[in-house]
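Participant: my questions concern the predicted model and sequence given below.
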Amino acid sequence: MTEQLDDKHESRFLLNNEADIRALLNKLQKKRSHVTGHFDNSYHIFSTCLLEVGETSVILDDVSDEAISQRILACSRLHFSSVYAGVPVSFVSPQIEHCLFEGAAAFSIPIPSVVRWPQRRELFRVPTPVGKPVLCEIALNNGEIARNPLSDISVGGIGMLTQASSPSLKEGALFGGCHINLPGFGELTSDIRICSSADITLRNGNPARRYGCQFIDLPQQEQSLLQRYVTKLELAMRGSHTHT
């Protein structure tokens, strides 16, 4: 899973209208979309799918391993993720129960009150590889050159990480000629604007500062390069979902 962000712009990605949530879940159910459940603080996962979207609950396929099933039922919080229209969907459930569906064992969870689904692809940012960080080289106003790792990337912008808050990286600040090396695709050069910032906790427990940045007037050639790279990351992410 990606880091949990306290970002005021995150609301752009959230569905909290019950009719919209139900409509999206029905689409996932009709397509028999693969759903990954994360439990034990996301240290373990299981594969399932939506069987039915009811008035107050969602029915999910059970797992074949009884021991794992019991561990899932003992959890007080589960995170579910899937993909619809090429864009990740995720939601959290505070409880899960066993039930019967068409005579077979199944799981039941309440209809989620909030679902995360960036409907515009330019807003959907794909997590960048953790093992080999993608770096953004940025010339700060004090003349220093900073090379900061990215947390995520899209055709619209990036999430950039620093170990601590930087006085040079203020919301609204514009930086010209930033360089991002996209492994296997070449170097991307663009102006960026800092749109948001938030303190986060990385998966390894270390604190960090995330800056949400927007590309400014990205040339078409650079957009095409970036789209190919983002598509590669998307396909790799879908492949990991398929094999879990």
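Facilitator: Everything's here; your move. For clarity, every value in this text was computed on a predicted model and none was experimentally measured.
Participant: surely Glu137 meets Cys178?
Facilitator: Yes. Counting by CB atoms under 8 Å, Glu137 touches Cys178, with 6.5 Å between them. Bear in mind the C-beta positions are built from the backbone N, C-alpha and C, glycine included.
Participant: more neighbours: those two, which one.
Facilitator: Cys178 (21 against 15; other CB atoms under 10 Å).
Participant: tell me the SS of that one?
Facilitator: strand (DSSP: H, G, I helix; E, B strand; the rest coil).
Participant: ok, now Cys75?
Facilitator: Criterion first, three-state DSSP; result for Cys75: coil.
Participant: what separates it from Leu51, distance-wise?
Facilitator: 20 Å (CB to CB, to the nearest Å).
Participant: for this structure, what are the low-confidence residue spans?
Facilitator: The chain contains residues with pLDDT under 70 at 1-12, 41-42, 86, 119-124, 238-244.
Participant: so where do the helices sit in it?
Facilitator: Assigned by DSSP state H, the helices in the chain fall at 18-30, 66-73, 220-242.
Participant: can you check which of those gets nearest to Ile194?
Facilitator: Closest approach to Ile194 among the helices of the chain is made by helix 220-242 (18.7 Å; CB to CB).
Participant: most remote residue from the middle of the protein, which is it?
Facilitator: Distance from the C-alpha centroid of the chain, by CA atoms, centre = their mean, peaks at Gly103 (35.0 Å).
Participant: do you know how far the residue nearest to Leu174 when sequence neighbours are not counted is from Phe215?
Facilitator: Sequence neighbours aside, Arg193 is the residue nearest to Leu174 in space, at 5.0 Å (criterion: CB to CB, 6 or more residues apart in numbering). Distance, Arg193 to Phe215, by CB to CB: 8 Å.
Participant: of these two, who's got more company?
Facilitator: The neighbour comparison of Arg193 against Phe215 (other CB under 10 Å) goes to Phe215, with 23 against 15.
Participant: now the more buried one. Nearest residue, chain neighbours left out?
Facilitator: Ser190 (4.8 Å).
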